[in-house]
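Undergrad: turn this into a model:
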Amino acid sequence: MKFNTFEEIIAWQKAQELTLIIYNKFNNIKDYSFRDQIIRASTSIMNNIAEGFERKSNKDFSKFLFIAKGSCGEVRSMVHLGHSLKYLSESDSTDLNNKTIEISKMLSGLIKALYTLQT
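TA: Predicted coordinates:
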């Protein structure tokens, strides 16, 4: 597993796409607390991947990937809430949940690969 920049990491690319979708979906929501929380959580995914990568240590990178994975779960939880509050349609909720699950699986794969390199 060799990346020259964090932008090459597909999980980061998918996290950025998710963040842009979240911004667009919730841009006009007047529930500012909800909107800000889901945007912060989605942004946290991509930023923790980037920050961990830039630390240039497999141990640090792994730690930040775990944080990104936690943020991914937070976004998924907020999507469920957004659907319950009628901020999202069923199809949008399903689509966003699927995206978070895909990113979470990618992060798990990266973590496992880094763990293998450390042992």
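
Undergrad: so for the helix ranked longest in the chain, mean pLDDT?
TA: In terms of residue count, the longest helix belonging to the chain (DSSP state H) is helix 90-118. Mean pLDDT, helix 90-118: 94.

Undergrad: please, where are all the helices along the chain?
TA: 10-26, 32-54, 58-84, 90-118.

Undergrad: out of those helices, nearest to N4?
TA: N4 sits nearest to helix 32-54 of all these, at 10.0 Å, using C-beta to C-beta. Yep, even glycine has a C-beta here, placed from its N, CA and C like the rest.

Undergrad: now tell me what touches that closest one from outside.
TA: 3, 5-6, 9, 11-12, 15-16, 18-19, 22-23, 26-27, 29, 60-65, 67-68, 71-72, 74-75, 78-79, 81-82, 85, 87, 103, 107 (C-beta atoms under 8 Å, 6 or more residues apart in numbering).

Undergrad: buried subset of the residues you listed as a ChimeraX selection?
TA: In ChimeraX, a selection of the buried entries from the contacts of helix 32-54 looks like this (16 or more other C-beta atoms under 10 Å):
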select :6,9,11,12,15,16,18,19,22,26,29,61,62,63,64,65,67,68,71,72,74,75,78,79,82,87,103,107
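
Undergrad: so where is the protein shaky, pLDDT-wise?
TA: Along the chain, the parts satisfying pLDDT under 70 run over 1, 118-119.

Undergrad: just give the closest residue to the residue nearest the centre of it, not the sequence neighbours.
TA: Closest residue to the average C-alpha location of the chain: I45 at 3.5 Å, with C-alpha atoms, centre = their mean. Of all residues not flanking I45 in the chain, A15 sits nearest, at 4.1 Å (C-beta to C-beta, 6 or more residues apart in numbering).
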